[in-house]
Every structure is written in C-alpha cells, then in structure tokens.
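> pasting the sequence and the predicted model now:
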Amino acid sequence: MNFSAMRNLFFLLVAAVGVAVVAPAPVYARNDDDDKKTKKAPVHQANLTRAFASEIKALTEAETMLKTISDEKSAKAVKVKLMHKFSLLRPINGGTEAQLLELARAQNRVSAVMWDLKKEPYFETAELQQLWTVMTHHYARRSAGAR
C-alpha cells in the first residue's frame, strides 16, 4: 500500500469514528404507569426540594446578617460565618420553574445588599466579593468539588 492510499484509509477511519461518536443514542420507551402507581415523589426530587429549602433559608439568613455589617470588623465576622454556612451546601442541579424563581429572588435580595456594601471602603479588605460569589454561584463552593 502506498502512502496516499494509507492516508485515505486513515481519514475514512477517523470519519467513521466521528460519525459513531456523534450519532444519537437509541431511545427506549418508558413505562409511565409504574410512576403513577407509586404516587410518591422520586427520591431525587425529594432531595432537590430539601436542597432548595436549605439554600433559600441560608440566603434569607445571609441577607439578615449582611444588613448588620457596619464596619470592617463586623464584615469579617459575618464573612467567616457565612462562608462556613455556604461552603457546606451542595450545588443545585435542576428544579422546577417555581423553585428556580424563588431561588433567584433570594439571590437577588442578597445581591441588593451586597451592591450597597460594595460602596463601603472595607468591601475589598474584608473580601466580601469572595463571599458574594460563594453565596450566588453554587460551583464556586468547596462542596462542588466533592461530587
């Protein structure tokens, strides 16, 4: 076999592998009757509901604690407490539209307080930006790496 033929064979092989990787997986029909008979929420949905409840509770507490900040010392104390609280919460994947809206509203309330604190001279020295990121971005948390 000459070089040109080998090169053509190689390109055909690469193309075949590429098509096999990109091809859609077969779809199998689900039997929804089994889900209707149990009438229980799936375990994942129950865990997700608990995760949303704890996340929103933590954000509400954070909003209250952030409003108590008056100087750099109190900012650092609040940051330590909230960093610990939020670093233990797992990232949330999925959720219903209502859950996601409630979560977004809670995050927006925290962000509104943080925007006010951003004007303070101790915002950078107390590293409140890091706290803000951990509170509103789930994958910035330590627990996100433990998946």
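Right, received. Where do you want to start?

> show me the contacts for Thr60.
For Thr60, the contacting residues are 106, 109, by Cβ atoms under 8 Å, 6 or more residues apart in numbering. Just so you know, the C-beta spots here come from the backbone N, C-alpha and C atoms, and that holds for glycine as well.

> that one: which element?
Taking DSSP states H and E as the criterion, Thr60 maps to helix 43-66.

> what does the helix or strand just after that helix rub up against?
Note on helix 43-66: by DSSP H and E, the next helix or strand toward the C-terminus is helix 72-87. For helix 72-87, contacts defined as Cβ under 8 Å, 6+ apart pick out 58, 61-62, 65-66, 68-69, 117, 120, 122-123, 125-128, 130-131, 134-135, 141-143.

> kindly recompute the last result at 6 Å.
Contact with helix 72-87 is made by 58, 62, 65, 69, 122, 126, 131, 134-135, 141-142, as judged by Cβ atoms under 6 Å, 6 or more residues apart in numbering.
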